[in-house]
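Q: What follows is a predicted protein model with its sequence.
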Amino acid sequence: MTPTDPQADRLRDALTQRADTLTHDGAPSISFEAVQGRAGRIRRNRRIGAGAGVAAALAVAAPLGLAASGQLAADDGRLAPAAPVERTYEPVGEVDLTTVGLPQGARTDVPWIDVRRDAVVAGDLVVDAVEMPQDAVRWAGGLLVTGDAGDSRLFVLDELGRPLGDPVELPAALDALVGAPSLGEVGWVQEVGAEQAAVLAPDDEVLASDEHVVVQLPSLGGFTPVGIGPAGLVLNATYPDGRSEVLLAGRDGTVTTVAGVDEAVGVDPQTGVVAGNLSGDRACAVVVGAAGEQLRAPDCDLVLRSMSPDGRWVTATGSDSDGIGDRSMTVLDTATGEVQVAWLSRSNPPTDLTHVGWEDADTVLAAAFQGEEASVLRLELDGSVERATPVVSMDPFGDLAVVLPRP
């Protein structure tokens, strides 16, 4: 679909917006307690009534290139899955983590959320988001920002990751939306009458209901999609009695429990291997095969956080943290459990990491807080670290300044 003239005008207007340079003088403050509380809220499971909201978002997003990010058109006009590119890395081991003296990256336009201005910031581009932004999810060329009141907006991103044009206002929070670029699919949870269902759809045919796989989910549960594997959509489920489990909403319409894991953090799109954690008196990291078999012994010194888009790597932190975030982070080979690189904060004041996610299959992004400064870091698998956003001033008595979109 070609944008109409008013749409094109809005796109041009949005791209010409400029923001004042961020300075330390007069910058609103930030609370360590607020960061900690907000980070905790972000981790909670939600019931998401996506329904028409998903369709509306993707109907607008797909024509503007949202679904085509990283993909090529096949001969029949459909989007062909992006070909994976696997790089080789020598294990690095331990690396000191500090924000002092870090180089500014060549790209500093990674989108982040400035809660002080209720805006998405990408380099010198600032676009209004929602009131009191709480969470953000980056997906296949798009950015979903959700507010405390549950309202959300979808931003289409250009090839550099900057918001393109006006955002789409959505009737429901859509942070329960996941994509698998290598499979050419998206998945979400939506309400069907009084019940909930998991939905799998080609990312270029999201409105064609005959192309959807709709799987009825158990009653009275809260469901959060984690990722898409060859057998279907993997979800975390929680129930009013406190139980939690991992479910597979299969392409055959069935719902099965993934044995051996209580909370999933990712699924390999090609093999179906699930990485996650066991709950209990102490969380333990586990990796299970598609049939639920443990691929290695649980590690109760680590908690898994997020899997790379290709499933090759998984981030992990210590079981306990007494800061506003995590003061160490390790990247493990998902299949073997071998350490690729481990960042450790030995500085004073310490460096705390929050909102850890993946920029691509080889690069970790994390919001970093040290002393009175906050920024987003780009952490490479060779151990190198650089700033991916400007530094934001903060002090201990205000509100959260940075929310990093999670993929």
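A: Structure received. Numbering: from 1, shown residues only.
Q: In the longest strand anywhere in the chain, which residues are buried?
A: Using DSSP state E to define each element, the chain has its longest strand at strand 351-360. With burial defined by 16 or more other C-beta atoms under 10 Å, the residues of strand 351-360 counted as buried are 351-359. Quick note: C-beta positions are derived from backbone N, CA and C, even for glycine.
Q: So which of these sits lowest on pLDDT?
A: By pLDDT, residue 355 ranks lowest within the buried residues of strand 351-360, coming in at 74.
Q: CA atoms of stretch 97-108 as PDB?
A: The C-alpha coordinates for stretch 97-108 follow below in PDB (Å, rounded to 0.1, in the frame of the first residue of the first chain):
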ATOM      1  CA  LEU A  97      32.100  -3.800  33.600                       C
ATOM      2  CA  THR A  98      32.100   0.000  34.100                       C
ATOM      3  CA  THR A  99      30.700   3.000  32.300                       C
ATOM      4  CA  VAL A 100      33.700   5.200  33.000                       C
ATOM      5  CA  GLY A 101      35.700   6.100  30.000                       C
ATOM      6  CA  LEU A 102      33.600   4.000  27.500                       C
ATOM      7  CA  PRO A 103      33.800   5.100  23.900                       C
ATOM      8  CA  GLN A 104      30.700   6.500  22.200                       C
ATOM      9  CA  GLY A 105      29.500   4.000  19.600                       C
ATOM     10  CA  ALA A 106      29.400   4.800  16.000                       C
ATOM     11  CA  ARG A 107      25.600   4.400  16.200                       C
ATOM     12  CA  THR A 108      23.900   6.200  19.200                       C
END
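Q: Residues in contact with it: which ones?
A: Contact partners of stretch 97-108, identified using C-beta atoms under 8 Å, 6 or more residues apart in numbering, comprise 123, 160, 327-329, 343-347, 351, 353, 368, 370, 373, 375, 377-378, 385-391.
Q: For the spatially closest residue to residue 132 that is not a sequence neighbour, give its distance to residue 236.
A: In this structure, residue 132 finds its nearest non-sequential neighbour in residue 148, 4.2 Å apart by C-beta to C-beta, 6 or more residues apart in numbering. Separation of residue 148 from residue 236 (C-beta to C-beta, to the nearest Å): 22 Å.
Q: So between those two, which is more surrounded?
A: A side-by-side neighbour count of residue 148 and residue 236, using other C-beta atoms under 10 Å, places residue 236 first with 22 against 13.
Q: sec struct for the spatially closest residue to the more buried one that is not a sequence neighbour, please.
A: Leaving aside its chain neighbours, residue 236 sits nearest to residue 224 (4.7 Å; criterion: C-beta to C-beta, 6+ apart). Judged by DSSP: H, G, I helix; E, B strand; the rest coil, the three-state class of residue 224 is strand.
Q: any idea how far residue 312 is from residue 224?
A: Taking C-beta to C-beta, one finds residue 224 at 23 Å from residue 312.
Q: ok, now residue 178?
A: Taking C-beta to C-beta, one finds residue 178 at 18 Å from residue 312.
Q: The two: who's more crowded?
A: Neighbour comparison, residue 178 and residue 312: the larger count goes to residue 178, with 24 against 21 (by other C-beta under 10 Å).
Q: I'd guessed residue 126 sits against residue 120; true?
A: Yes - look at residue 126 against residue 120 with C-beta atoms under 8 Å: they come within range, at 7.3 Å.
Q: Between those two, which contacts overlap?
A: residue 114.
Q: The two: who's more crowded?
A: residue 120 (27 against 18).
Q: who's in contact with the more buried one?
A: By C-beta under 8 Å, 6+ apart, the neighbours of residue 120 are 111-114, 126-129, 136, 143, 145, 155, 163.
Q: Bridging across strands, which residues link to it?
A: Residue 120 has these beta-bridge partners by DSSP bridges: residue 113, residue 127.
Q: Give me the pLDDT for it.
A: 82.
Q: could you measure it against residue 112, distance?
A: 8 Å.
Q: Also residue 151?
A: 19 Å.
Q: Between those two, tell me which one has more neighbours.
A: Neighbours were counted for residue 151 and for residue 112 using other C-beta under 10 Å; residue 112 has more, 25 against 17.
Q: so what pLDDT did the more buried one get?
A: 76.
Q: Apart from its chain neighbours, what residue comes closest to residue 307?
A: The nearest residue in space to residue 307 (C-beta to C-beta, 6+ apart) is residue 266, at 2.4 Å.
Q: can you check residue 334 too?
A: residue 314 (4.9 Å).
Q: need the contact list for that neighbour.
A: Listed by C-beta under 8 Å, 6+ apart, the contact set of residue 314 reads 265-266, 275, 287, 304-308, 331-332, 334.
Q: let's go with 6 Å and repeat that
A: 275, 304, 307, 332, 334 (C-beta atoms under 6 Å, 6 or more residues apart in numbering).
Q: Using CSV, lay out the residues you listed together with neighbour count, pLDDT and secondary structure.
A: Output for the contacts of residue 314, formatted as CSV (neighbours: other C-beta atoms under 10 Å; pLDDT from 0 to 100; DSSP: H, G, I helix; E, B strand; the rest coil):
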residue, neighbour count, pLDDT, secondary structure
275, 28, 96, strand
304, 26, 94, strand
307, 27, 91, strand
332, 22, 96, strand
334, 23, 94, coil
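Q: With respect to residue 168, which of those is nearest?
A: Nearest to residue 168 among the contacts of residue 314 is residue 307, at 27.9 Å by C-beta to C-beta.
Q: contacting residues for that closest one?
A: 265-266, 275, 314.
Q: mind redoing it with 8 Å?
A: 227, 265-268, 275, 313-315, 334, 358.
Q: so how far is residue 120 from it?
A: 25 Å.
Q: tell me which element residue 375 falls in.
A: Using DSSP states H and E, the element containing residue 375 is strand 373-380.
Q: Kindly export that strand (C-alpha atoms) in CSV.
A: The C-alpha coordinates for strand 373-380 follow below in CSV (Å, rounded to 0.1, in the frame of the first residue of the first chain):
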residue,chain,number,x,y,z
GLU,A,373,24.6,8.5,35.3
ALA,A,374,22.5,6.2,33.1
SER,A,375,23.0,5.1,29.5
VAL,A,376,22.4,2.2,27.2
LEU,A,377,25.4,0.0,26.5
ARG,A,378,26.2,-2.2,23.5
LEU,A,379,28.0,-5.3,24.6
GLU,A,380,29.7,-7.4,22.0
